[in-house]
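Student: With the input below, show me the fold.
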Amino acid sequence: MLLILVLSLVAVILLAIGAIRIFSSNSSLTLAKIGISIPEDEAVTEYVTSFIESMDSVKSICRFEYMDEQDAIREFNEGKLQAAVVFPAGFYHDVQVGLNPPAVIYFPENPGLVGSMFKEVLTSGVSYLQTAESGVYAAIDTAYAYESAISIADIG
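Tutor: Numbers count the residues shown, from 1 in each chain. As a prediction, this is how the structure comes out:
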């Protein structure tokens, strides 16, 4: 009985190592092409998306293509993009003042392996942003409570 348990454990470990090698190999996965639409006057939003694009976890699974909203939606509908992200005008300013406008993200119904991986990375990133946002709001509330000289823009 103990021998069967040990052999099962070894088999599971070998399968896990094999799966990790297959999925972490850059040659086994194609990069997801993600359409990003940012209005012309959104330099900070473009800077932030460029920063996100340069992260290893993002670079390993996708490539951002910057385009206008109509092209992003058209290419997504034609199946040329695995996802499309459309930022509204005034996005950064609205986030900075606490309005939190939604960016529209288009995903296919069946995204495939690479699309699913991008979706998981995106979901994880959004949860980090929500945590950071909570910290900013807590700092703003504290600054108001103690009538701090720190501006809300500096806290943000």
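
Student: From now on I want contacts and neighbour counts done on CA atoms only, so please keep to that.
Tutor: Fine.

Student: Could you list the low-pLDDT ranges of the protein?
Tutor: 1-29, 148, 151-156 (pLDDT under 70).

Student: hey, where'd the strands end up in the chain?
Tutor: All strands of the chain, identified by DSSP state E, fall at 32-37, 62-66, 83-86, 104-106.

Student: okay, those strands in CSV with mean neighbour count next?
Tutor: CSV is the format used below for these (neighbours: other CA atoms under 10 Å):
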stretch, mean neighbour count
strand 32-37, 24
strand 62-66, 18
strand 83-86, 24
strand 104-106, 14
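
Student: Same list (those) but as JSON lines, adding distance to A138.
Tutor: Supplementary listing: the strands of the chain in JSON lines, determined by distance: least, CA to CA, whole Å:
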{"stretch": "strand 32-37", "distance to A138": "31"}
{"stretch": "strand 62-66", "distance to A138": "33"}
{"stretch": "strand 83-86", "distance to A138": "29"}
{"stretch": "strand 104-106", "distance to A138": "27"}
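
Student: out of the ones you listed, which comes closest to G115?
Tutor: Put simply, out of these the one that sits nearest G115 is strand 32-37, at 6.3 Å, with distance taken as CA to CA.

Student: Please name the residues that touch E69.
Tutor: Residues near E69 by CA atoms under 8 Å, 6 or more residues apart in numbering: 37-38, 86.

Student: and the longest helix for the chain?
Tutor: Under DSSP state H, the helix in the chain containing the largest number of residues is helix 112-145.

Student: Could you point out which of the contacts of E69 is nearest to H93?
Tutor: The closest of those to H93 turns out to be I38 (CA to CA; 13.4 Å).

Student: Now do the same contact list for that closest one.
Tutor: By CA under 8 Å, 6+ apart, I38 lies in contact with 45-46, 66-69, 86-89.

Student: List only buried entries from those residues.
Tutor: Buried residues within the contacts of I38, counting neighbours by 16 or more other CA atoms under 10 Å: 45-46, 66-67, 69, 86-88.

Student: Mark which of those are part of helices, please.
Tutor: Short answer: these in helices (DSSP H) are 45-46, 69.

Student: Pipe those into CSV and attach distance to N77 per row.
Tutor: As requested, those are exported to CSV (distance: CA to CA, whole Å):
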residue, distance to N77
T45, 24
E46, 23
E69, 12
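
Student: and of those, the nearest to A143?
Tutor: Once CA to CA is applied, the member of these that ends up nearest A143 is T45, at 26.1 Å.

Student: Before I go, just wanted to say thanks for your time.
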